[in-house]
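Asker: Here is my input, please return the structure:
(one chain, ligands or ions: 1)
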Amino acid sequence: MSTDHQLAKIFPSKSNITLDQYKELHKQSIEDPDTFWSKAAKEYLDWFRPFDKVSDGSFEHGDVRWFQGGKLNVSYNALDRQIGKNPNKRSNDIALVWEGDEPDDIRKLTYEEVLRKVCQIANALLRMGVRKGDIVTVYMPMIPELAMTMLACTRIGAVHSVVFAGFSAEALAQRISAAQSQVLITADVGCRGGKQIPLKDIVNDSLTKMDCDSIVKHVLVWERFYTGDAESTPPYEMSARDVRMDPLVAVQRPYCPPEHMDAEDNLFILYTSGSTGKPKGLLHTTGGYALYAKMTTQISFDLHPGDLFACVADCGWITGHTYVVYGPLLNGSTTFMFESTPVYPDEGRYWDMVQRHKITQFYTAPTAIRLLMRYGDEAPKKYDLSSLKVLGTVGEPINPEAWRWYYEVVGNSNCTVVDTYWQTETGGHVITNLPGVTPMKPGSCTLPFYGVNAAVLDPQSGKELTEPDEHGHYEGVMALKQPWPGMARTCLGDHERYLNVYFRPYPGYYFTGDTVSRDEDGFHFIIGRMDDVINVSGHRIGTAEVESALVAHPAVAQAAVVGQPHDIKGQAICAFVMLTVGYEETPELLKELRGSVRTEIGAFCTPDLIVVTPSLPMTRSGKIMRRILRKIVCGETDSLGDTSTLADPSIVDVLITKVGELT
Ligand code: 6R9
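Answerer: Residues are numbered from 1 along each chain as shown. Down below sits the predicted model:
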């Protein structure tokens, strides 16, 4: 067949199992999950008390639990375990290499140093009254203190809720309020692309919103350029509830006993977009998540001692949680943390870092690959990238062109490209190739990870597809058929929503929200979201959130938001707005509307296109038909489908003309 099949024969990286052995092991993990996971949990984690039962509960009731009765601590497993197991070696091993916004701003921390600082932060948190089970909101730049703050929370059993520092004051307030979080940890500023982002000012603003002023008792502030002088004047105006974090931490005892957590105790929450305007606070628990993070990092990236693992995602997203912080450290590996952007100071930044630090695994999103590909082959060719073994991609489907560039130009046709499909909800990879084991096909996340029972459902009947289409493929709903340890356990404060979104649409299955095509070899190609979520540069954005940000502006009477294909971002946000009587379309107004989205959610959600329209395509019952808008912005106007149910079918032509003029 095509080159895809030739590529499928390449096994560039060493591995100790064959595809058949993977298949056999995968089969066992599905048929007898308890034996598989029990063995894995004992081998991969240190337990203060062994678990009594491997798994329990069901999708139907949403009461899945793993390793009941077991006691452990994640920071202990990530830090103390590494040092304790091999006192002479590990304690001097580098746990974390950090590169700041400026390429010469580098810090390297050993496991011993990280453990001591994590303990000091943990003691500082205890001092501030934080206790097991409390939710701590973290709104920080990508500095080592962020990873250490997360680990310090897990050390004392506090539940972190990391909010991506690109979110606005409004979005931060919403998350603080939803979690009723009394302690907020931030920094004075963050640095990105040579600019400073005034995080503390944004925090101050957020505390004036919703009920945050009365909820938040303490704001703990790291200083991005702390000099070590506790007597110095802080670089921001302090209010009564502000505490300078650096001097507070510096005076704490560098040991803090780890809290013995139950395997099912809450570990962290992370908000993500769904189909409604309200973000969901997905809750992950201790034992299952830790095991899954550790195993997927080791196996999907073929991690070996001495590797330098670089995931360039932000800790504000799940990829940063699992593959910057928890996965690599639980493996005793060296993790690389990056504060800047792929194009600062120039488009060679990633490759320069690979060369200078000898990065062995590099993990990014297709949007970054497409962006860098645009600059041509020169930048990657200028650097010595021979340290690379595995190149990972995540966040959205990767188009074969970008895949090939990543594989051939960046990887010199000598690295495995792992296409890792997963979600905030799944905790870690659920469908991915394994280096040296699974053949690669560009654009395919290939086969399920151990313990993951992947199913393709007919969207109408909800039954597994048994008949292939004319191409020999099975195209339908991407669903998972049995529990795995890394799955989220609930939506904070709203278990009904958890059941409604994930388990009730297709009874007996976990519903991912994605559509997929499975080919004749059983390989999966994710097509995209089937709900009202769009994927902009690998970030999940609920159309309803953007719509409510737009209608928050008095000029907007109604808004409908859809995704439009975009060369670099994957999808761009396209908003259709109906103005309130008395307002007119002007460049200033469009600017204000974009501004409204920035303030309500964050700059990364700014619409690329705003189409002002006299009305929207509605059904007679008043439902906006987004399907039609989607077709219009995708230029698929010859397949609009049935428009006869529209209250005013003539609007379709008006919109086609208008969009044509604007694009
Ligand atoms: C990890 C992460 C989840 C959504 C998911 C899907 C898309 C993620 C993908 C992918 C195709 C891949 N997605 N990885 N699509 N191929 N390898 O991104 O989590 O932010 O929750 O987004 O991202 O649509 O449902 P999250």
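Asker: Which phi and psi values does the residue in the stretch 501-650 of the chain that the ligand sits nearest to adopt?
Answerer: Residue nearest to the ligand within the stretch 501-650 of the chain (C-beta to the nearest ligand atom): residue 526, separated by 3.5 Å. C-beta coordinates here come from the backbone N, C-alpha and C atoms, glycine included. Residue 526 adopts backbone torsions of phi -70, psi 130, taken as degrees, to the nearest 10.
Asker: Verify the contact between residue 200 and residue 185 for me.
Answerer: No: here residue 200 does not reach residue 185: they are 11.4 Å apart, not a contact under C-beta atoms under 8 Å.
Asker: These two: who's more crowded?
Answerer: residue 185 (31 against 25; other C-beta atoms under 10 Å).
Asker: so residue 151 is in which element?
Answerer: Assigned by DSSP states H and E, residue 151 belongs to helix 144-156.
Asker: which bits of this structure sit near the ligand?
Answerer: 272, 317-319, 394-397, 419-424, 445, 512-514, 526, 529, 535, 538, 540 (C-beta under 6 Å from any ligand atom).
Asker: In helices only, show me those residues.
Answerer: 318-319 (DSSP state H).
Asker: out of the residues of the chain next to the ligand, which are inside strands?
Answerer: Using DSSP state E, the members of the residues of the chain next to the ligand that fall within strands are 272, 419, 512-514, 526, 529, 535, 540.
Asker: which among those end up buried?
Answerer: Buried by 16 or more other C-beta atoms under 10 Å: 272, 419, 512-514, 526, 529, 535, 540, out of these.
Asker: Dump the residues you listed to CSV, plus pLDDT.
Answerer: Below are these laid out as CSV (pLDDT from 0 to 100):
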residue, pLDDT
272, 93
419, 98
512, 97
513, 95
514, 96
526, 96
529, 90
535, 92
540, 91
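Asker: What is the most widely separated pair among those?
Answerer: Largest separation among those by C-beta to C-beta: 272 and 419, giving 20.7 Å.
Asker: Need the residues touching each of residue 200 and residue 185.
Answerer: Residues touching both residue 200 and residue 185 (C-beta atoms under 8 Å, 6 or more residues apart in numbering) are residue 221.
Asker: where does residue 357 sit relative to residue 564, distance-wise?
Answerer: 37 Å (C-beta to C-beta, to the nearest Å).
Asker: which one of these two has more residues nearby?
Answerer: Comparing residue 357 with residue 564 by other C-beta under 10 Å, the one with more neighbours is residue 564, at 21 against 17.
Asker: in its sheet, what does the helix or strand the more buried one falls within sit against?
Answerer: Assigned by DSSP H and E, residue 564 falls within strand 556-566. Strand 556-566 pairs in its sheet with strand 570-579 (antiparallel), by DSSP bridges.
Asker: who's in contact with the spatially closest residue to residue 59 that is not a sequence neighbour?
Answerer: Distances taken as C-beta to C-beta, 6 or more residues apart in numbering put residue 503 closest to residue 59, at 4.9 Å, once the chain neighbours are dropped. Neighbour list for residue 503: 59-60, 62, 509-511 [criterion: C-beta under 8 Å, 6+ apart].
Asker: My guess is residue 46 contacts residue 76. True?
Answerer: Yes: Residue 46 is within contact range of residue 76, at 6.8 Å (criterion: C-beta under 8 Å).
Asker: Who has more neighbours out of these two?
Answerer: The neighbour comparison of residue 46 against residue 76 (other C-beta under 10 Å) goes to residue 76, with 23 against 13.
Asker: Just the pLDDT at that one, thanks.
Answerer: pLDDT recorded at residue 76 is 98.
Asker: can you check residue 103 too?
Answerer: At residue 103, pLDDT is 98.
Asker: same deal with residue 528?
Answerer: 90.
Asker: how close does it sit to residue 456?
Answerer: 15 Å.
Asker: So these two - more neighbours on which side?
Answerer: residue 456 (20 against 16).
Asker: Need the three-state assignment for the more buried one.
Answerer: strand (DSSP: H, G, I helix; E, B strand; the rest coil).
Asker: Could you list everything it pairs with in the sheet?
Answerer: Under the criterion used (DSSP bridges), residue 456 bridges to residue 478.
Asker: show me the contacts for it.
Answerer: Contacts of residue 456 (C-beta under 8 Å, 6+ apart): 464-465, 474-479, 516, 518.
Asker: can you check residue 289 too?
Answerer: So residue 289 contacts 74, 267, 326, 427-428, 485-486 (C-beta under 8 Å, 6+ apart).
Asker: Please name the nearest non-neighbouring residue to it.
Answerer: residue 427 (5.1 Å).
Asker: and the one you found, how far is that from residue 290?
Answerer: In terms of C-beta to C-beta, residue 427 sits 10 Å off from residue 290.
Asker: One more: residue 656?
Answerer: 52 Å.
Asker: Compare the two (neighbour count), which wins?
Answerer: The neighbour comparison of residue 656 against residue 290 (other C-beta under 10 Å) goes to residue 290, with 30 against 16.
Asker: from memory the more buried one sits against residue 329, does it?
Answerer: No: the criterion here is C-beta under 8 Å, and residue 290 misses it with residue 329 at 10.4 Å.
Asker: May I have the predicted confidence score for residue 86?
Answerer: pLDDT at residue 86 comes out at 59.
Asker: Counting neighbours, what do you get for residue 640?
Answerer: Around residue 640 there are 17 residues (other C-beta under 10 Å).
Asker: Likewise for the one 10 residues further on?
Answerer: The number of residues packed around residue 650, counting by other C-beta under 10 Å, is 9.
Asker: what's the spacing between residue 528 and residue 23?
Answerer: Taken as C-beta to C-beta, the span from residue 528 to residue 23 is 28 Å.
Asker: Out of the contacts of residue 456, list just those in strands.
Answerer: Those of these lying in strands (DSSP E): 474-479, 516, 518.
Asker: Now compare the residues you listed and name the two farthest from each other.
Answerer: 475 and 479 (13.2 Å).
Asker: These two: which is more packed in?
Answerer: residue 479 (23 against 18).
Asker: Which phi and psi values does the nearest residue to the more buried one once chain neighbours are set aside adopt?
Answerer: In space, residue 479 comes closest to residue 509 once its chain neighbours are excluded; the distance is 3.9 Å by C-beta to C-beta, 6+ apart. Residue 509 adopts backbone torsions of phi -130, psi 150, taken as degrees, to the nearest 10.
Asker: Residue 509: neighbouring residues, count only.
Answerer: Residues near residue 509, counting by other C-beta under 10 Å: 21.
Asker: what's the answer for residue 644, then?
Answerer: 6.
Asker: Distance-wise, check the nearest residue to residue 463 once chain neighbours are set aside relative to the ligand.
Answerer: Computed as C-beta to C-beta, 6+ apart, the closest residue to residue 463 that is not its neighbour in sequence is residue 457, at 6.6 Å. Applying C-beta to the nearest ligand atom, to the nearest Å, the value for residue 457 to the ligand is 15 Å.
Asker: And the pLDDT for residue 457?
Answerer: Confidence score, pLDDT, at residue 457: 98.
Asker: Who are the contact partners of it?
Answerer: Here residue 457 is in contact with 463-465, 476-477, 479, 506, 509 (C-beta under 8 Å, 6+ apart).
Asker: Give me the buried entries from those residues.
Answerer: 464-465, 476-477, 479, 506, 509.
Asker: Okay, buried residues for the one helix or strand residue 117 maps to please.
Answerer: Assigned by DSSP H and E, residue 117 falls within helix 111-127. By 16+ other C-beta under 10 Å, the buried positions in helix 111-127 come out as 111-126.
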